[in-house]
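Undergrad: compute the structure for the input listed below.
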Amino acid sequence: MIAPGTFQDGEQVLLIDTRGKRHLMILRKSETFHSDRGWIPHDSIIGQPEGRWVRSSMGLRYLAVRPTLAEYVLEMPRGAQVIYPKDLAVILFWADIQPGCRVLEAGMGSGALTLALLRVVGPDGRVITYEQREEFARRALANIHTRLGEVSNLTVRFRPVEDGLAEEEPVDRVVLDLPEPWKLTEPIARVLRPGGIFLSYVPTIIQSQQVSEALRRDRSFALVETFETLMRPWNIEGLSVRPFHRMVAHTGFITVARRVVPEDGEAPPPVPARATDSDE
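TA: Residues are numbered from 1 along each chain as shown. Predicted structure coming up:
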């Protein structure tokens, strides 16, 4: 829910200076923010509207805004590497996550993907997440509670996903951030409902190749597709129009597939997710 009105004691604020440097913090009465550009009392922000400029003790300006989920993911404390917002957005769209979805996630990491899933499935949906490393789960849950407060649509299983799939009720989507997702295609087919979507996120093309081949061998999956997302910002200042010298290029490969009902008899022919270059 979008927070309306003025900043309140105990809520998050993102301070951005004129260099673009960002500081994520929680407002507390009588506390003070310190940086190399001076100090700012929290009380000078509490009670003010979002989007207000505030000045430090050195007279330098900061913009005070509520952090978006993308900004929060990039600035929140990390235990494991997070999935970048550019990939989170694509994952939510290509896995067709929607309100009311029942989603099984494996590989909780620092909680970035879990946060995105929870927000989209809403109170009528559910995210079931597996994480076997307790230190990752603790950090992820702390990040989730800081951002969302107490949540009622999250179930956390502290064990390997392969140990729990046989006990799960059917789900609408499966989203994996694991090093060897190709080992799980068969048990996932038993828990993912027909028509449901499988998605995996891995860092290397060798891993992507293995998961893609495993999905194509399994008659319970079709429409297998692998891609990556690149994002290049542009600098536009008057007549100076150029791409940034630095960009968030490759971060990971996404593979998606649809759960289908296998035909009796011989294996069906492979169905490409889209027309090949030679067909277009």
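Undergrad: which helix or strand contains residue 113?
TA: Assigned by DSSP states H and E, residue 113 falls within helix 112-121.
Undergrad: do residue 23 as well
TA: Applying DSSP H and E, one finds residue 23 within strand 22-26.
Undergrad: mind listing residues that contact that strand?
TA: Strand 22-26 has contacts (C-beta atoms under 8 Å, 6 or more residues apart in numbering) with 10-17, 33, 35, 62, 67, 71-72, 75-76, 146. Using the backbone N, CA and C atoms, a C-beta is placed for each residue, glycine as well.
Undergrad: likewise for stretch 114-126?
TA: Contact partners of stretch 114-126, identified using C-beta under 8 Å, 6+ apart, comprise 69, 72-73, 88, 91-92, 97-103, 105, 108, 127, 129, 140, 143-144, 147-148, 151-155, 175.
Undergrad: output that stretch as PDB, restricted to C-alpha atoms.
TA: Output in PDB follows, covering the C-alpha atoms of stretch 114-126 (Å, rounded to 0.1, in the frame of the first residue of the first chain):
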ATOM      1  CA  THR A 114      10.400 -13.000  -2.000                       C
ATOM      2  CA  LEU A 115       9.500  -9.300  -1.400                       C
ATOM      3  CA  ALA A 116       8.500  -8.800  -5.000                       C
ATOM      4  CA  LEU A 117       6.500 -12.000  -5.000                       C
ATOM      5  CA  LEU A 118       4.700 -11.200  -1.700                       C
ATOM      6  CA  ARG A 119       3.700  -7.800  -3.000                       C
ATOM      7  CA  VAL A 120       2.200  -9.100  -6.200                       C
ATOM      8  CA  VAL A 121       0.300 -12.200  -5.000                       C
ATOM      9  CA  GLY A 122      -1.400 -10.100  -2.300                       C
ATOM     10  CA  PRO A 123      -3.300 -11.200   0.800                       C
ATOM     11  CA  ASP A 124      -5.300 -13.900  -1.200                       C
ATOM     12  CA  GLY A 125      -2.100 -15.500  -2.600                       C
ATOM     13  CA  ARG A 126       0.700 -17.400  -0.900                       C
END
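Undergrad: any buried residues in that stretch, and which?
TA: 114, 115, 116, 117, 118, 119, 120, 121, 125, 126 (16 or more other C-beta atoms under 10 Å).
Undergrad: how about the helices in this structure?
TA: Assigned by DSSP state H, the chain shows helices spanning 69-75, 85-94, 112-121, 134-148, 185-191, 205-217.
Undergrad: packing partners of the last one?
TA: Under the contact criterion of 3 or more C-beta pairs under 8 Å, 6 or more residues apart in numbering; DSSP states H and E, helix 205-217 touches helix 185-191, strand 192-202, strand 221-228, strand 253-259.
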